[in-house]
Structure formats: C-alpha cells, structure tokens
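Novice: Sequence first, predicted coordinates after that:
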Number of protein chains: 2
Amino acid sequence: MPVPQPKKNEVVVDIRAAALNHRDLFITQGLYAGIKTPCILGSDGAGEWRGKRVVLYPALDWGDNPNFQGKSFRVLGMPEDGTFAEQIAIPRKNIFPMPEHLDWPQAAALPLAGLTAWRTLFSRCKLKKGERVLITGIGGGVALMALQLAVAAGAEVFVSSGSDDKIARAQQLGAKGGANYREEGWDKRLKQESGGFDVVVDSAGGDGFALFPGLCNPGARIGFYGGTLGKVNGLSLQPIFWKQISLLGSTMGSPREFRSMLAFVQQHEIVPVVDSVFSLSEGVRAFERMELGGQFGKVVLGI
Amino acid sequence: MPVPQPKKNEVVVDIRAAALNHRDLFITQGLYAGIKTPCILGSDGAGEWRGKRVVLYPALDWGDNPNFQGKSFRVLGMPEDGTFAEQIAIPRKNIFPMPEHLDWPQAAALPLAGLTAWRTLFSRCKLKKGERVLITGIGGGVALMALQLAVAAGAEVFVSSGSDDKIARAQQLGAKGGANYREEGWDKRLKQESGGFDVVVDSAGGDGFALFPGLCNPGARIGFYGGTLGKVNGLSLQPIFWKQISLLGSTMGSPREFRSMLAFVQQHEIVPVVDSVFSLSEGVRAFERMELGGQFGKVVLGI
C-alpha cells in the first residue's frame, strides 16, 4: 500500500501496536454489511504523532446526539483504511493522549473494547458504586474491560464463562465470583451467591439471554452490545416489567465518552488484558488465534 | 360485608364509581398469585370524603425508591378490600382531589390506567414533545390513556389494533394514523407512514414484540407493562444495540407519579374513555363485558 497522505484536518500517526476485534475477523469471512476491498482492517491502534504517544478513537463521525450515532457513523478500518499498518492518516480529532501507565500493546488493546464497555456500563446502565454486576462470557476484550472498569468503579462483579480457568483468572482481576454456564443450575446458584444483580452486561444473546431477568434485582439494567448466539427466544416480559428492569442496547460510544473512559483508565491505572502479541507479518496467525476462540484478553499486533 | 371501620391514618370514602381492570378478572379466574378470599375486588375508585370529590391512588406501600416498588407494595383490591363497594376504608394518603372536569365514571376510569400509562410514557420512556409514538392494541384502558396523554404532550401518535373500527375511534381521539395487525405487511406500511417511532408502548408481548425494534428510530424506547400474548420469541438484538434502543419494563407508579398524572389530566382536560357503565348489582355483567374483550375504554361500575 502507498504511504498514506493526510487530507485536510488529518494527521499521520506511526502505529506501534494495533489490536484485533471480532469485526475484523467477520469482515475477512464476508460476514459484515457493505464490505469494500482492498482495505486495511483494524479499529484499534496506538502510536506516535510528532513524538507524542497517542491512542486512536476507533470510529468516525459519531454525530451530534450523545444518545445515538448519526447516519454517517462508521467504525475505523473499512471502508477507511485502519490500524493494521505502519502508518495511518486520520482526523486530528481522533487522536488522544495515551494513558501513561500503558505500554504499546496494552494501549492498543484499549480503545474499542474500553469504549464499548464504558458506554454500556456507565452511559447506558448508569452503574453506581456498590451495585452488583454480572458480566457474561468473560474472556473477550469488552467483557474483560467491563470487569475492570466495574471493579474500579466500586461494583461487586461476578462473571460467567464456559471455562473454569477463565473464571479463576477473572477473580484475579477483581471478580467476586463466577459460574460456569455449562453446569446445570448455574443461574440459580449464582443468584444465591450474589444476592441478585443490579446490572448485567452481555454480548451473546441467544436463548440464555432469557435467564437474565430472573437473576436481576428490582430496577436492574441489562446492557448488551452483541448477539453472537443469535436471536432470543422464550423471553418472559412479566419479571421485566414487574421488577422495572431495563434492557439497553449499546455500541461503542462518542468521542466524549472515549475521553471520559481514558481519564478513568488513567486515574485507576487499569491495564487492559493482552492475550498475545503477533508481529504484523504474522497477522494471519493473529486472526487464527481469534478464530479459535479460546483467548483471554486482546489479540494484538506489534508494529 | 360489614361497613368498613377505618384503622389509624385511614379514612372511609363513599364510592360513587369504580372501574374494572384485567387484574380483577384474572383473580376471579384463579389466574393471579396469592389469591385470598373472601375479598372485595377493585383497584379503581372515585367517591366522596367529607363532601370532597376524591380519586384513589390504586395501590399501597410503593416504598421509598422512585425507580421501583418495594417488597410490601400491593395493588388495591385483594388482599385488602377494594373499590367494588359502597364504602372503602383506605389510608388518608391514598386520596387525591378529583380532576374537576370529570364525572364519576370518568374519574373512576382514570387511576390505574392513567398511572400505568403515565409511568410508561414519561418516567420510563421519557417521551418528549414532537416524538413519534406507537401504541399497540388500542382499545384497552391503559393504551387509550397512553394515547390521550401522549397527544396532550405534543407527540405524534399512531396506533395498532386488530379492529379497523378501534383505529378509527383512536383517530378521533387524536391519533395521526394506525395499522391493522391482521393485514400482511402492516408493520412496514406503518413504518413508512410514520417515518419510524421514537417510543413504542405495548402490553401484549408475544412474538409480535420482536417486530418493534425494526419499526424504531435510533435512540427509541419501547415501554411495556404487560405480556398477555406470552413469551417473546425471535427477538434479534442487533437492531436493538445498533440503534441504541431501550426496552423498558413498567408497572403502575408511585403516589408522586399519580399526583403528576392528575395535574396533567386536569391541565389538559383529558377525559378518560368509558366503554360502559353497569350498576353494582349488575357487576357480573361488567366482568362478562371485560371477558368478551371487544371494549373500547374502561368498564365502570356506577355505585
């Protein structure tokens, strides 16, 4: 690819690390709307601009309304060239100072996952100190960031996973407990152990989603930013309305939310979990690592 | 039944009119949790206390939290004796001045339906002037109150029903348009006609619920206070999170919300729709009218 030339209001950043998201994998598999090639993938990046260490806001044109993205909103990396490259030309307003306690891979692991977790927990679910939180499917980048952000915010966090090992590792990151959803009756045990949840964060959807209202306390919020297990069936509305529960769809957020998230991460010295680092020339292996699915934290490209 | 004797902090109200709710019918059918007999049913009532015209807040012990009812919250009329009687002993704080423009049946039609519609539209869905609203299953008491409240608040309201006649009557009450859900493609036509919805109010649930996110604009809120058609199947989360939609369970509300609703009804001179009035001795016919299902507005007992 040619060296990128900045347009008006753009700068060129020397990328030092980039991180993979499922979106990148889905695009390589043809499972995404409006695929355009050739294109450099990658939404997450950290690098240098004029000697300053910066992280990139991973999207373009959120728009004016804090409640939802505008029509021209798009995630970085397809159709615009993304971060899996030595350099990127990007609007000046997309670059933010990198939290000082992070190294390049950790900083690259932060933007999309941190922003998505931030918006879900705080903008949408209005998480408050002392509340009890369930984060499902721990191990993915957003779920881990949600765990770390919620712990730092003073919440009591529980997790679910199909892997006892991931649950144990989540506990090392501050989770109070967890349940393996492959075990019969996990939901009832987890409700008893936790005392019920004020906030649930999910990205799987599917029929398991219908269990969440039963695990919730009155006034609970269930935030979700994905639905990888497909449509929800068997969802009973009665516990939802009787307990005044809110089901809140969420995506990545606005530049303003990104700034708030970065400040919080810096203040609490949160270190994103990096699963593995590959060189750019090993990029295909990084995608294979993600496709395999067992990762705990972000798959990163060192550049 | 003996004449009710007021306990401490209670007053005795001479009921002039009472209104039926589905809850009353369900209790007579054994379809309600914790049924206790003998008991006087009835949550809705208007009457006289010391020469003043009053309406009754239709529940007891909401509790301290505006976001959800406390554990001892209960709807008026079972286990405590309700409004289908000449007199009721009720806490002093449950009686509120009756809006002056209403007659007895209209006032009796207001409390539970008005409160449920108010909380759903304003406390939960944060309806704003100029927004577009879909109210499904128009004809029931809460749906009609939601229509009237939303129109008075300056929203553009559309309705759905299985009856063209009910849609036409809703238009006389201020609805801009409507769709008969028995017709193929009603949802797509309604989306096109309306331009998409910012707020949806539903009490049916069932598989039709899964259509609503597709009818919604970004940032929309779907409020629901019932699920008479059963569980929701086939609910896709993708349009919900991508459009930042909120699904918000709601019930009747707090005394504070009741006071706000009454003030709004008085200010806008909203007149609840009364389907029919039966005498107390014809009470069984009133229940049959409700069981039959074709009503438009509230079924009232004149006492």
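Specialist: Now that the structure is in, tell me what you want to look at.
Novice: Quick one: residues contacting the residue of the stretch 1-150 of chain A found nearest chain B.
Specialist: Across the stretch 1-150 of chain A, the shortest distance to chain B (C-beta to the nearest C-beta) belongs to A:F68, at 3.8 Å. C-betas here are computed from N, CA, C, even on glycine. Remark: with contacts taken as C-beta atoms under 8 Å, 6 or more residues apart in numbering or on different chains, A:F68 is in contact with B:218-219, B:243-244.
Novice: That one looks like it's in a helix, true?
Specialist: No. Residue state for A:F68 (DSSP: H, G, I helix; E, B strand; the rest coil) corresponds to coil; a helix is not indicated.
Novice: re earlier: out of the contacts of A:F68, who's the most crowded?
Specialist: B:Q244 (23 neighbours; other C-beta atoms under 10 Å in any protein chain shown).
Novice: just checking, that residue touches B:P218?
Specialist: Yes. Checked against C-beta atoms under 8 Å, the pair B:Q244 and B:P218 is within contact range at 5.9 Å.
Novice: any residues in contact with both of the two?
Specialist: Taking C-beta under 8 Å, 6+ apart as the contact criterion, the residues that touch both B:Q244 and B:P218 are A:67-69.
Novice: Return the closest of those residues with respect to B:Y32.
Specialist: Distances from the shared contacts of B:Q244 and B:P218 to B:Y32 were compared by C-beta to C-beta; the smallest belongs to A:N67, at 38.0 Å.
Novice: Not counting sequence-adjacent ones, nearest residue to that closest one?
Specialist: Setting aside the residues directly before and after it, A:N67 is nearest to B:G219 in space (C-beta to C-beta, 6 or more residues apart in numbering or on different chains), at 4.3 Å.
Novice: What parts of the stretch 51-200 of chain A come near chain B?
Specialist: By the criterion of C-beta under 8 Å from any C-beta of the partner chain, the positions of the stretch 51-200 of chain A lying close to chain B are A:65, A:67-69, A:124.
Novice: And the strands in the stretch 101-250 of chain A, which stretches?
Specialist: Listed in chain order, the strands found in the stretch 101-250 of chain A under DSSP state E, counting those that start in this stretch are A:132-135, A:156-161, A:177-180, A:197-202, A:216-224, A:246-249.
Novice: Can I get the ones you listed in JSON lines including distance to A:P4 and mean pLDDT?
Specialist: As requested, the strands of the stretch 101-250 of chain A are arranged in JSON lines below (distance: least, C-beta to C-beta, whole Å; pLDDT from 0 to 100):
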{"stretch": "strand A:132-135", "distance to A:P4": "37", "mean pLDDT": "98"}
{"stretch": "strand A:156-161", "distance to A:P4": "40", "mean pLDDT": "98"}
{"stretch": "strand A:177-180", "distance to A:P4": "44", "mean pLDDT": "97"}
{"stretch": "strand A:197-202", "distance to A:P4": "36", "mean pLDDT": "98"}
{"stretch": "strand A:216-224", "distance to A:P4": "35", "mean pLDDT": "98"}
{"stretch": "strand A:246-249", "distance to A:P4": "34", "mean pLDDT": "98"}
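Novice: In TSV: these, plus distance to B:D103.
Specialist: As requested, the strands of the stretch 101-250 of chain A are exported to TSV (distance: least, C-beta to C-beta, whole Å):
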stretch	distance to B:D103
strand A:132-135	49
strand A:156-161	54
strand A:177-180	57
strand A:197-202	45
strand A:216-224	37
strand A:246-249	38
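Novice: Compare the residues of the stretch 51-200 of chain A next to chain B and tell me which has the most neighbours.
Specialist: Each of these was scored by neighbours using other C-beta under 10 Å; the highest score is A:R124's, at 26 neighbours.
Novice: pretty sure it contacts A:L247?
Specialist: No. Here A:R124 lies out of contact with A:L247, judged by C-beta under 8 Å, at a distance of 10.2 Å.
Novice: For the stretch 51-200 of chain A, give me the ranges with low pLDDT.
Specialist: Regions of the stretch 51-200 of chain A meeting the criterion pLDDT under 70 are absent.
Novice: Quick one: the helices in it, in order.
Specialist: Taking DSSP state H, counting those that start in this stretch as the test, the helices found in the stretch 51-200 of chain A are A:104-108, A:111-118, A:141-152, A:164-172, A:186-194.
Novice: Which one of those lies nearest to B:L112?
Specialist: Closest approach to B:L112 among these is made by helix A:186-194 (31.1 Å; C-beta to C-beta).
Novice: Tell me what angle the closest one forms with strand A:156-161.
Specialist: 160 degrees (axes from the mean of the first three to the mean of the last three C-alpha atoms, to 10 degrees).
Novice: Please save the CA atoms from helix A:186-194 in PDB.
Specialist: Extracted C-alpha coordinates of helix A:186-194, given in PDB (Å, rounded to 0.1, in the frame of the first residue of the first chain):
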ATOM      1  CA  TRP A 186     -25.600 -22.300  37.400                       C
ATOM      2  CA  ASP A 187     -28.000 -19.400  37.200                       C
ATOM      3  CA  LYS A 188     -29.800 -20.200  40.500                       C
ATOM      4  CA  ARG A 189     -26.600 -20.800  42.300                       C
ATOM      5  CA  LEU A 190     -25.100 -17.500  41.000                       C
ATOM      6  CA  LYS A 191     -28.200 -15.600  42.100                       C
ATOM      7  CA  GLN A 192     -28.000 -17.100  45.600                       C
ATOM      8  CA  GLU A 193     -24.200 -16.400  45.800                       C
ATOM      9  CA  SER A 194     -24.500 -12.900  44.600                       C
END
